[in-house]
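Peer 1: A structural model of the following input is requested.
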Amino acid sequence: MKLLVLCVLAMMVTVAMSRRWNFVAHRHVSRQYRSAKDRTSTNRSAMKTGIITGFNRQLDGWLVQHGQTVSDKERKILRFVNIRYMQTHWPSFLKFARERMKKLANSPTEHDYLSIGAEIGRRVPLRFSYGFLIRKGLLPRWADYMQDLLDTPPGDIKCKS
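Peer 2: Numbers count the residues shown, from 1 in each chain. Below you'll find the predicted structure:
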């Protein structure tokens, strides 16, 4: 018990000293440092297409191996999960793409964004989560907005950036 009290006290002192005994105002650093080249919708839609294609290829491969017991409705929901994952992590995917584009010697093209999107779709290991989602019953219930999102072309999917 004495050790616990000492650890908590040491942690409090460390935090207090790092704050210099007074309030340090929070500084907001804008993460949206977009260049004019990033703003084009064709580049972003090409990247979204590459990401969704890569995620769906992973899902198709997983369904070939483990999809005997998966119903058609669950297959649709898993495709919806792929799109929602892309929407959720879009800012970090965009940041990764910007870092890759800085390494290019010339100005980025639509094909560059498509190849980066395909690389992201290949590298993110979603196939490990599909079995877990089905076994644990964590798939969302089917709703009309899922079909609306599935019917949307990959390049036209809305993402916050």
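
Peer 1: kindly list the longest helix within the protein.
Peer 2: helix 41-66 (DSSP state H).

Peer 1: what angle do the very next helix or strand once past that helix and helix 41-66 make?
Peer 2: Using DSSP states H and E, the helix or strand that follows helix 41-66 in sequence is helix 72-88. When axes from the mean of the first three to the mean of the last three C-alpha atoms, to 10 degrees is applied, the directions of helix 72-88 and helix 41-66 differ by 140 degrees.

Peer 1: pull the CA atoms of the helix or strand just after helix 72-88 into PDB?
Peer 2: Going down the chain from helix 72-88, the next helix or strand is helix 90-102, by DSSP H and E. Taking Å, rounded to 0.1, in the frame of the first residue of the first chain, the C-alpha atoms of helix 90-102 are listed here in PDB:
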ATOM      1  CA  TRP A  90      -9.500   8.700 -44.200                       C
ATOM      2  CA  PRO A  91      -7.500  11.500 -42.500                       C
ATOM      3  CA  SER A  92      -4.600   9.200 -41.700                       C
ATOM      4  CA  PHE A  93      -4.700   7.700 -45.100                       C
ATOM      5  CA  LEU A  94      -4.600  11.100 -46.700                       C
ATOM      6  CA  LYS A  95      -1.600  12.000 -44.400                       C
ATOM      7  CA  PHE A  96       0.200   8.800 -45.600                       C
ATOM      8  CA  ALA A  97      -0.500   9.800 -49.200                       C
ATOM      9  CA  ARG A  98       0.900  13.300 -48.700                       C
ATOM     10  CA  GLU A  99       4.100  11.900 -47.200                       C
ATOM     11  CA  ARG A 100       4.400   9.600 -50.200                       C
ATOM     12  CA  MET A 101       3.800  12.400 -52.600                       C
ATOM     13  CA  LYS A 102       6.500  14.500 -51.100                       C
END
